[in-house]
Each structure stands twice: as structure tokens, then as C-alpha cells.
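Novice: turn this into a model:
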Amino acid sequence: MLKMLPVLIATFIPSTMLAQSQTLFIKQGTTLNRHIGPHFKIPPAGLAAFITIFMLVSLFLYDRYFVPAVRRYTHNPRGITLLQRLGTGLVLHTIIMVIACLADRKRLSVARENNVFGKQDIVPLTIFILLPQFALMGVADSFVETAKIEFFYDQAPEGMKSLGTSYFTSSLGIGNFLSSFLLKTVANVTKRHGRKGWILDNLNVSRLDYFYAFLAILSFLNFFFFLFVAKKFVYNVDVTESKRGFALETSPEMTSTKDINEATEGSYPELIKCT
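Specialist: Take a look at the predicted model:
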């Protein structure tokens, strides 16, 4: 359990990125045009549904097509390792923050062009400009959140699996606290010396694009920390069991335990001896 702590620490920033989709992303939506047709108006949090939709689609495509294709080359029953899957999600989080930065810059540009500076004023720009960041967050979750819960459960010792699962929930909770801390700290620091500040009650005069750029840099730096942690990590998973499952899946004619043992023992004799 102690060995997994560095990985747990590396997941705090991804959880902070996820918290933005439940807070600032939705707050941005309240300043945009949410009408579809003359009578229907999209709720500000309505785009959050696309996170779930794209996550489910990504999970299906990942398990149905990506894993079988990659497994032929990696000989890993999961296609890629759990840490590789987690690292892919971290890269996506950095891209999401860059996209969010560009989207808010566009929103502020339209607001200035139309002299929209009031707190309750609506920027004449469709709310669907935020769709890419919500959709990509769902794709990132299919990598990050799924890999996190599998990793912490799989690598926890027998009899401590529930504690391993608590690592996953702890990551989400600390990420939300960290998001609030960063938001408040950045807001206070950028107001010093009489400056207007990046984050104000009125988003039409705030600079969320700067804050998103800051989060993108933070996510990028955290990715390098994760690479260092992942390189040092040694899996506890029983590779013989994974190899046996792979042999059974690729060679259905090996139906007996003896056949599977013979197929795997030659590949990992030192591991069999060790275990």
C-alpha cells in the first residue's frame, strides 16, 4: 500500500482537472447563448451529460477494438499496462486545458466586440463552443478514472482490496479540495498591487483563459512526475495468471490446467519458481 502512494499523489492533479468540468466549465456556460430554437434553453450543466456519453463510447471502443489490436504486439491481456493507460489520460487532460483556454479566449473576444461586460449579460456565442472540452473530458475519464480504480484495486494486497479502492475515492476528494485551493489562491494573488485579477464574480471581465493555461502547465509538469513514478513502480500482479489467461484466450484448444501450465511455465520459469 505504501508503494502505491507516489502514484496516488500523481493522480491529485488529474482529479483537479476533472473538478473543472463540474465547476468552471458549467459557470462558463451560464454566460453563453443556450437557446435551441425559439422555446428550448439548454441548462448550463446539460453539457456535462456529454462527459458520460463520450466516456461510455470510449470504453466500448477501447475494449472492443483497441485492446485486441494492441494485445497482439504487447502480449499483455489488458493491451497496455494500467500505468500506460493512466499516462495517456494525463496527456489528454493537458490538451483539454489548452482547448478550454482557447475557448474562453474566444468567448472574451466576442464579449469585447459586443460590449458585453455585465455580470448577468449573455455573450452572443453558442454554448456548444464548450462541447469539445466536455467531450474530451469523457474520453480522458475512460483512461484516467478507469485505470485508477483498476490499478489501486489490482495492486492492493489480498485482504486490503477495499483500502485500495479508498485510494481512488481519496484521489477524487483531494482533487476537489485542491481545485478550490488553487482557485482561491490564484484569485487572491492576481488581485495584489491593485490589479484586476484573473477570477472575479463577473466572468465577462475575468481571465479564465489565463487560469486554464496555468492548469495546463500544472498538468504538464505533473505528467513528468508521473513518468518518474511509473518508471520506478514494480507491479505486484501475478504475471503467470495473466499469461495463462492470454494463452487460454489465444489458444482455445488448451482447455486443461495442465496444458495452460505447460504453455506458460516455459515462458516464465524464474517467475514460477519465485511464486
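Novice: ok, K232 - contacts?
Specialist: Counting by Cβ atoms under 8 Å, 6 or more residues apart in numbering, K232 makes contact with P6. Where you see a C-beta, it was placed from the backbone N, CA and C, and this is true even at glycine.
Novice: look up how far P6 lies from it.
Specialist: With distances defined as Cβ to Cβ, to the nearest Å, the gap from K232 to P6 amounts to 8 Å.
Novice: likewise A216?
Specialist: The spacing between A216 and P6, counted by Cβ to Cβ, is 23 Å.
Novice: and for T126?
Specialist: 43 Å.
Novice: so, low pLDDT: which residues of the stretch 101-250 of the chain?
Specialist: 237-250 (pLDDT under 70).
Novice: which parts of it are helices?
Specialist: For the stretch 101-250 of the chain, applying DSSP state H, counting those that start in this stretch gives helices covering 131-155, 161-189, 208-232, 239-250.
Novice: so F134 makes contact with I26?
Specialist: No: at 9.5 Å, F134 does not count as touching I26 under the criterion of Cβ atoms under 8 Å.
Novice: who touches both of these two?
Specialist: 47-48.
Novice: settle it for me: which of those two has more neighbours?
Specialist: When F134 and I26 are compared on other Cβ atoms under 10 Å, the one with more neighbours turns out to be F134, at 24 against 18.
Novice: residues touching the more buried one, list them.
Specialist: 21, 25, 47-48, 50-51, 54.
Novice: please redo it, this time with the cut-off set to 10 Å
Specialist: For F134, the contacting residues are 21, 25-26, 29, 46-54, 96, 100, 128, taking Cβ atoms under 10 Å, 6 or more residues apart in numbering as the criterion.
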